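Peer 1: can you look at this prediction? I've put the sequence above it.
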Amino acid sequence: SQQGEEDPQALSIQEGENATMNCSYKTSINNLQWYRQNSGRGLVHLILIRSNEREKHSGRLRVTLDTSKKSSSLLITASRAADTASYFCVHGGGSNYKLTFGKGTLLTVNP
Amino acid sequence: DGGITQSPKYLFRKEGQNVTLSCEQNLNHDAMYWYRQDPGQGLRLIYYSQIVNDFQKGDIAEGYSVSREKKESFPLTVTSAQKNPTAFYLCASSITGNEQFFGPGTRLTVL
């Protein structure tokens, strides 16, 4: 399997705190994406970082990518209860269109 | 409103029956995908289609079939050959092989 691995599998924090999720992968990549899934719903694309980028921001999200360590991290700052969801690190795509999903990190933000 | 829709939201099937899950998109995307998600797991690719009248097997195609007669539609049939069909099924579409847009999902239960 070429699945990415998210760490931790579950994370529980208080509203207002920052949440950091990590991801490792095994193959070389062109880009890496993060998706969010609220319970029992479809996935929503959050951010894409290309292999030649080291850091990218989008609102309260900050993603880093270290291709030498084959790892990425997603930081959510000033978390809100509405951020409660599963977060997936995803790689692949490009010309062969196939994305590889990890098992995700379940984030719970307590009000 | 542009988007991707799946129906039904919940589906119950008796053992030995075939069932078809609907997926429609009005985003004018060429590529469409079907995924299966089991509890606490990431997504696994069943089938994908990069263009009308063409589709490829994903990682777990056995027991499933698809068609792509129209750009907007990519129905998935779960056949009686699929031995463990109870799962959450997600359809997605994309312009390129990167960011994918997901439908709300169909939860299939075998009685």
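Peer 2: Nice, thanks for sending it over. Numbers count the residues shown, from 1 in each chain, chains lettered A, B, ... in the order given.
Peer 1: from now on I want contacts and neighbour counts done on CA atoms only, so please keep to that.
Peer 2: Fine.
Peer 1: which residues of chain B lie near chain A?
Peer 2: Counting by C-alpha under 8 Å from any C-alpha of the partner chain, the residues of chain B lying close to chain A are B:40-45, B:50, B:90, B:96-105.
Peer 1: would you map the strands across chain A?
Peer 2: Here chain A has its strands, by DSSP state E, at A:5-7, A:10-14, A:19-24, A:31-37, A:43-50, A:55-58, A:61-66, A:71-76, A:85-92, A:99-101, A:105-110.
Peer 1: before we move on, the earlier item: so which of the residues of chain B next to chain A belong to strands?
Peer 2: Going by DSSP E, the strands hold B:43-45, B:50, B:90, B:101-102 from the residues of chain B next to chain A.
Peer 1: what is the most widely separated pair among those?
Peer 2: B:43 and B:50 (18.7 Å; C-alpha to C-alpha).
Peer 1: tell me, how many residues neighbour residue B:25?
Peer 2: 22 (other C-alpha atoms under 10 Å in any protein chain shown).
Peer 1: try residue B:53
Peer 2: For residue B:53, using other C-alpha under 10 Å, the count is 11.
Peer 1: which stretch of helix or strand covers the residue lying closest to it once chain neighbours are set aside?
Peer 2: Counting by C-alpha to C-alpha, 6 or more residues apart in numbering or on different chains, the nearest residue to residue B:53 once its immediate chain neighbours are dropped is residue B:68, at 5.1 Å. Under DSSP states H and E, no helix or strand contains residue B:68.
Peer 1: what about residue B:68, distance to residue B:50?
Peer 2: In this view, residue B:68 and residue B:50 are 10 Å apart by C-alpha to C-alpha, to the nearest Å.
Peer 1: quick one, which of the two is more surrounded?
Peer 2: residue B:50 (22 against 19).
Peer 1: which residue, neighbours along the chain excluded, lies closest to the more buried one?
Peer 2: residue B:31 (4.2 Å).
Peer 1: could you give the number of residues near that neighbour?
Peer 2: 23.
Peer 1: and the helices in chain B?
Peer 2: With DSSP state H as the definition, chain B shows no helices.
Peer 1: now do the contacts for residue A:40.
Peer 2: Listed by C-alpha atoms under 8 Å, 6 or more residues apart in numbering or on different chains, the contact set of residue A:40 reads residue B:105.
Peer 1: distance of it from residue B:13?
Peer 2: According to C-alpha to C-alpha, residue A:40 and residue B:13 sit 19 Å apart.
Peer 1: how much space is there between the residue of chain A positioned farthest from its centre and chain B?
Peer 2: The outermost residue of chain A, judged against the average C-alpha position, is residue A:111 (22.3 Å), by C-alpha atoms, centre = their mean. Computed as C-alpha to the nearest C-alpha, to the nearest Å, the residue A:111 to chain B distance reads 24 Å.
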